[in-house]
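J.: Only the shape, not the letters, is given here:
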Ligand SMILES: [Ca+2]
Ligand SMILES: [Ca+2]
Ligand SMILES: [Ca+2]
Ligand SMILES: [Ca+2]
């Protein structure tokens, strides 16, 4: 267990010292968003968890919730996937069931879920086991049987075809499942029973082809290690695969815990495992970690999509994290998900981080998410946990970062690319691409994008690209010396770093501070291969370049002269739809960002909305107005996974 490793990632508190001593500036007046763009966007674009009557696709045709998909666990249908094989369906009723005289039929259900899980006979008979539960249960469950091997493709992702299922019982037979159907109840409640881990796979080790759906898991997370809602992976030989969790509401998990690192809502300890889909689930007011672990070599094809995470800490103590994953896995996607620090509800907050992509991880896509008062951190080194390879091929695309919490004692950042002077050349971030994001704050960015990439062991490889983003101020943070100027983009590796990252591309961004003196770009050395072009900066924007004194800044014209960059960049204030409300789409009449920029279609094919970018109709910033042909997710929830092939 990597328990010493409690690094605060992108959002919070530890950066003020590293930033050095800026000159003091006035703290900006706190503004409220004039209109809640983020809330509208979440609804319109179907971000996060959406409670729905049926999340099953039993006939594997890629369409969820059709009439034929709603027969599983209805108390009648024997072959709910219509494949000609009658499944082993076992029913459990917390009130009317009996473990003594029950037989698992709908007329004579068991009383406990574990009784049904123990009675399931496994995949050898060719019929998968489906456990349907009704009532409130006070159990810690151990799934003991794999499903029948096999998968089908939906949106290019492998889902289990005939899994062992643990699902809510549609007892009223209306084709609507809990928790959406309030007439049906399927709740695992740790508050009135054993409360460490709700569902584990413990007895038989590594199991594959598992589906858990349409349940509520609440009030778990007790005194022992590996407390939480789900621990579905195990160490050992062989590959575990095809685990699918959807339409599960996880509420108040790990709330009483101060020692965070072994308390994980959805544990990713174990491995290797592949083809894991955690899709359309609610994780409401949790503490400690949502997802933590070190998926090793051979692990990958892991998709998180349409989750809503809302944090709730432990009285300002300990730390709360969305994801922290490291190890030699390849291929994780986090899509269309809301990560909400929920800071206003539990202040004073302790240490908080959103998405931590850590040492050894490669081929990640973080796309289309909404991150509220949390950020994304790339942490390639942790002392004592050497992985022997860099963070590589990390794409952070089309996300909304919103920061409105004033309580941080440091420098809020949307994206933090970290680097360590003591790390070797493998413990670094090589290729990372940051595109099409809205970074919006009412209270200040220490750095919208902060980069400290480099290492101490050898020449730094890779390129960090920051292209087509809209980063808006105020740029401001509180240090121990008082309020300071922040930055839109800062490249500030530790001064003692022997091999700093020299390859940066900064293209087509809108960087818009609101207070004169705030810095649009700050770089305290002279990267030998900086490309900066096609950007739109705020009028009066300040810059810093190759200067050890943090308070020394320069004008845009001075910056162009000393860097030799940004000849085709400009200053101006683009016409946003509603900047005060966080909506950084461009108005059609904008003439500042439209027509500015360079061709970035080799870096990114779309804009913030997934609309195509043109190589000739150039626009700076994340939004290309008037471009509306493809790319939006409408209607059904999809798992649109597109892993980069190495
Ligand atoms: Ca279907
Ligand atoms: Ca069947
Ligand atoms: Ca069976
Ligand atoms: Ca129902």
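T.: All right, it came through fine. Note that the structure is a prediction, hence the values are computed from the model and not measured. Ligands and ions are numbered 1, 2, ... in the order given.

J.: Around ligand 3, pick out the residues from the stretch 1-150 of the chain.
T.: 88, 121, 125, 127, 129 (C-beta under 5 Å from the ion). For every residue, glycine as well, the C-beta is placed using N, CA and C.

J.: With neighbour count and distance to ligand 4 added, can I get those residues in a markdown table?
T.: What follows is these, written out as a markdown table (neighbours: other C-beta atoms under 10 Å; distance: C-beta to the ion, whole Å):
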| residue | neighbour count | distance to ligand 4 |
| --- | --- | --- |
| 88 | 21 | 22 |
| 121 | 11 | 27 |
| 125 | 11 | 29 |
| 127 | 18 | 24 |
| 129 | 28 | 21 |
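
J.: What average pLDDT does stretch 255-275 get?
T.: Computed over stretch 255-275, the mean pLDDT rounds to 86.

J.: cool, and stretch 565-579?
T.: The average of the pLDDT scores along stretch 565-579 is 95.

J.: Where does residue 42 sit: helix, strand or coil?
T.: At residue 42 the chain is in helix, as set by DSSP: H, G, I helix; E, B strand; the rest coil.

J.: Most widely separated two among the residues of the stretch 1-150 of the chain next to ligand 3?
T.: 125 and 129 (9.5 Å; C-beta to C-beta).

J.: Same question for stretch 98-118: list its buried residues.
T.: By 16 or more other C-beta atoms under 10 Å, the buried positions in stretch 98-118 come out as 102, 104, 106, 109-117.

J.: Residue 50 touches residue 280, doesn't it?
T.: Yes. The pair residue 50 / residue 280 is scored as a contact, 6.4 Å apart, by C-beta atoms under 8 Å.

J.: returning to what we had before: could I get the buried residues of stretch 98-118 in JSON lines, plus columns for secondary structure?
T.: As requested, the buried residues of stretch 98-118 are exported to JSON lines (three-state DSSP):
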{"residue": "102", "secondary structure": "coil"}
{"residue": "104", "secondary structure": "coil"}
{"residue": "106", "secondary structure": "coil"}
{"residue": "109", "secondary structure": "coil"}
{"residue": "110", "secondary structure": "strand"}
{"residue": "111", "secondary structure": "coil"}
{"residue": "112", "secondary structure": "coil"}
{"residue": "113", "secondary structure": "helix"}
{"residue": "114", "secondary structure": "helix"}
{"residue": "115", "secondary structure": "helix"}
{"residue": "116", "secondary structure": "helix"}
{"residue": "117", "secondary structure": "helix"}
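
J.: Which of those residues sits closest to residue 478?
T.: residue 113 (49.7 Å).

J.: Nearest to ligand 3 within the stretch 301-450 of the chain, name that residue for me.
T.: residue 301 (26.2 Å; C-beta to the ion).

J.: what about that residue, is that helix, strand or coil?
T.: When classified by three-state DSSP, residue 301 comes out as strand.

J.: before we move on, the earlier item: nearest to residue 239, of the buried residues of stretch 98-118?
T.: Lowest distance from residue 239 to the buried residues of stretch 98-118 (C-beta to C-beta) belongs to residue 117, with 22.6 Å.

J.: Between residue 50 and residue 280, which has more neighbouring residues?
T.: Neighbour count, other C-beta atoms under 10 Å: between residue 50 and residue 280, residue 280 has more, with 26 against 16.

J.: what sits against that one?
T.: By C-beta atoms under 8 Å, 6 or more residues apart in numbering, the contact set of residue 280 is 49-50, 52, 55, 246-247, 305-307, 637.

J.: With residue 470 instead?
T.: 437-439, 509-510, 512, 584, 608, 621-623.

J.: which pair in these spans the largest distance?
T.: Largest separation among the contacts of residue 470 by C-beta to C-beta: 512 and 608, giving 15.2 Å.

J.: neighbour-wise, which of the two wins?
T.: Neighbours of residue 512 and residue 608, each counted by other C-beta under 10 Å, are more numerous for residue 512; the result is 27 against 23.

J.: What about residue 84, how many residues nearby?
T.: 6.

J.: so is it in a helix, a strand, or just coil?
T.: coil.

J.: Could you check the pLDDT of it?
T.: Per the predicted model, pLDDT is 95 at residue 84.

J.: List phi and psi for residue 559.
T.: Torsion angles at residue 559 (phi, psi; degrees, to the nearest 10) stand at phi -60, psi -50.

J.: Please disregard the earlier target; I meant residue 412.
T.: Residue torsions, per degrees, to the nearest 10, at residue 412 are phi -60, psi 140.

J.: For the closest residue to ligand 1 within the stretch 401-550 of the chain, list the residues it contacts.
T.: Proximity of the stretch 401-550 of the chain to ligand 1 (C-beta to the ion) peaks at residue 436, 32.2 Å away. In this structure, residue 436 makes contact with 397-398, 468-469, 604, 606-608, 622, judged by C-beta under 8 Å, 6+ apart.

J.: would you turn the buried residues of stretch 98-118 into TSV with pLDDT?
T.: Converted to TSV, those look like this (pLDDT from 0 to 100):
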residue	pLDDT
102	98
104	98
106	97
109	98
110	98
111	98
112	98
113	98
114	98
115	98
116	98
117	97
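
J.: So which of these reach ligand 2?
T.: Applying C-beta under 5 Å from the ion to these, none is adjacent to ligand 2.

J.: out of those residues, which one sits closest to ligand 1?
T.: residue 106 (23.3 Å).

J.: burial of the nearest residue to the closest one once chain neighbours are set aside, as a residue count?
T.: Nearest non-adjacent residue to residue 106, counting by C-beta to C-beta, 6 or more residues apart in numbering: residue 75, 3.9 Å away. Residue 75: 17 surrounding residues under other C-beta under 10 Å.

J.: Distance-wise, check residue 75 relative to residue 172.
T.: Residue 75 sits 9 Å away from residue 172, taking C-beta to C-beta, to the nearest Å as the criterion.

J.: Tell me the secondary structure at residue 118.
T.: Assignment for residue 118 (three-state DSSP): helix.

J.: Now it. Nearest residue, chain neighbours left out?
T.: Leaving aside its chain neighbours, residue 118 sits nearest to residue 144 (6.7 Å; criterion: C-beta to C-beta, 6+ apart).

J.: Kindly report the same for residue 569.
T.: Per C-beta to C-beta, 6+ apart, closest to residue 569 is residue 535, 4.3 Å.

J.: got the residues of the stretch 251-400 of the chain near ligand 1?
T.: So the stretch 251-400 of the chain never meets ligand 1 (C-beta under 5 Å from the ion).

J.: Let me see the ranges of the helices in the stretch 251-400 of the chain.
T.: 343-346 (DSSP state H, counting those that start in this stretch).

J.: and the residue of the stretch 201-350 of the chain nearest ligand 3?
T.: Proximity of the stretch 201-350 of the chain to ligand 3 (C-beta to the ion) peaks at residue 209, 11.7 Å away.

J.: Need the pLDDT of that residue.
T.: For residue 209, the predicted pLDDT is 98.

J.: And residue 422, by the same measure?
T.: 95.

J.: Would you agree it is in contact with residue 454?
T.: No. Under the criterion of C-beta under 8 Å, residue 422 is not in contact with residue 454, lying 11.2 Å apart.
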